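S.K.: take this sequence and fold it.
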Amino acid sequence: MKITEIECLVIDGEYPYVIIETDEGITGIGECFRRSPWVTKSAVDTIFRDAILSVDPSNYEEIWNLLYNIASTCGPYGSLLTAISGIDTAIWDINLKREGVPLHKKLGKKIKNSIPIYASSMKRDMSPEEEADRASFFYEEGFLFYKMHSAYPEEVDSPRDKTLKTVEAIRNKLDNNIEIMVDVNGGYSAKKAIEVGHVLEKFEVFQFEQPVHVTDLEGLKRVTESLSIPIASGECCYTVQDFKNLIEKGKPDILQPDVIKTGGITEFRKIISFLNKKEIMIHNTQPLISTAIHLHFLSINNSIKLPLEYNIEQNSLIDNPITKNSLNIQSGNILVPDDNSFGLDFDISIMKKRAKII
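M.R.: You can find the predicted model right below:
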């Protein structure tokens, strides 16, 4: 089998997907991280495409290493590696379809039929009372964990920050019936993070995520060592080596890999293996392929106990589907798909109609 064509479609001008065609008529579909979609598309179309045309897609590892080495001349992190994620997941899709098996069967033995998820609120423009009402709504829907984003990462130690008032409002509304997660996306200095963290301890928050900038590993270590609540980080780590560095220098309590940031399944599998005895909470903000892949990984792993992130914001891929089926959410859990590959059946004709160009 050989790769005959590869293209990146930016669906609705926002979501980059990679489509790879083969000479056996099997088409693979992969997903890239949604930020900087046009940079991602340019990387797929102009940097990586020619390198893998006519290549046998069964050689996962060789293709991943080839793409990573090509990217190293002008990266390889950020949009280049998330572009590789789209290619790698599409290649896995081809091979899983060819074998006629779901991803979890390729990874190991499925031991979980459903995975708990937490409601991840991305809005930063709500009042503390509005956020508390939103948390209450999802609690009534069966969610036992709620993550809020109320700081301003573009403005470190911003006076507009509503984190503590929002946590207080949620506690007043729901008491301790729901676990609260606080993600400030690196919006604090280490000093401010420790000050806020001590108040969060009193509210018994479940975790405090990315309290300082991702490059400030010394500051992260200070925060972790100063607080009793779990500190989470890792969504901006791309490789096994990145996680080694994060653990050695930043020492967070919870690690957060994301398959569409790590260059796809090939590297993600190595990361999960490396983090084997660490506390893992998978980072997940996109509703289709990345969510499905994470479900498959979690279904075979009994050591990962923490819930999977689920972005609760409105999304055109859900409101106007590009798939013929959907993931099944029930009372704060998602059922693990058993259909071939990732368990999603994409309508490529719809995808192409909704692909934007610039």
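S.K.: report pLDDT for the nearest residue to I91 once chain neighbours are set aside.
M.R.: With Cβ to Cβ, 6 or more residues apart in numbering as the criterion, I91 has its nearest non-adjacent residue at 4.8 Å, and that residue is P57. From N, CA and C alone the C-beta is placed, and that goes for glycine too. pLDDT recorded at P57 is 97.
S.K.: now P57: how far from G28?
M.R.: 7 Å (Cβ to Cβ, to the nearest Å).
S.K.: which residues do the two both contact?
M.R.: Listed contacts common to P57 and G28 are 20, 22, 91, 94; contacts here mean Cβ atoms under 8 Å, 6 or more residues apart in numbering.
S.K.: contacts only, for the first one.
M.R.: Residues counted as contacts of I20 (Cβ under 8 Å, 6+ apart) are 3, 5-6, 27-30, 57, 87, 90-91, 94.
S.K.: now it: which helix or strand?
M.R.: Here I20 sits within strand 15-22, counting by DSSP states H and E.
S.K.: what lines up beside that strand in the sheet?
M.R.: Using DSSP bridges, strand 15-22 pairs in its sheet with strand 3-11 (antiparallel), strand 27-31 (antiparallel).
S.K.: so can I have JSON lines of those showing mean neighbour count, distance to E131 and mean pLDDT?
M.R.: Below are the strands paired with strand 15-22 laid out as JSON lines (neighbours: other Cβ atoms under 10 Å; distance: least, Cβ to Cβ, whole Å; pLDDT from 0 to 100):
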{"stretch": "strand 3-11", "mean neighbour count": "19", "distance to E131": "29", "mean pLDDT": "98"}
{"stretch": "strand 27-31", "mean neighbour count": "25", "distance to E131": "29", "mean pLDDT": "98"}
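S.K.: as a markdown table, those strands with distance to R124 would be great.
M.R.: A markdown table is the format used below for the strands paired with strand 15-22 (distance: least, Cβ to Cβ, whole Å):
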| stretch | distance to R124 |
| --- | --- |
| strand 3-11 | 25 |
| strand 27-31 | 25 |
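S.K.: between the ones you listed, which one is closest to V214.
M.R.: For the strands paired with strand 15-22, the distance to V214 is smallest for strand 27-31, at 22.2 Å, taking Cβ to Cβ.
S.K.: quick one on the thing from earlier: most widely separated two among the shared contacts of P57 and G28?
M.R.: Distance extremes for these: the farthest pair is T22 and I91 at 9.8 Å, using Cβ to Cβ.
S.K.: how about R160: what's its closest non-neighbour residue?
M.R.: Distances taken as Cβ to Cβ, 6+ apart put Y152 closest to R160, at 5.8 Å, once the chain neighbours are dropped.
S.K.: wait, is that neighbour part of a strand?
M.R.: No. Looking at Y152 with DSSP: H, G, I helix; E, B strand; the rest coil, it is coil, so not inside a strand.
S.K.: return the residues in contact with the residue nearest to the spatial centre of the chain.
M.R.: Central residue of the chain (Cα atoms, centre = their mean): N284, 2.8 Å from the mean position. Residues near N284 by Cβ under 8 Å, 6+ apart: 258, 290-291, 294, 308-311.
S.K.: can you tell me which of these are in helices?
M.R.: Under the assignment DSSP state H, the contacts of N284 contribute 290-291, 294 to helices.
S.K.: got TSV for those, with distance to K202 too?
M.R.: Output for the ones in helices among the contacts of N284, formatted as TSV (distance: Cβ to Cβ, whole Å):
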residue	distance to K202
S290	35
T291	34
H294	32
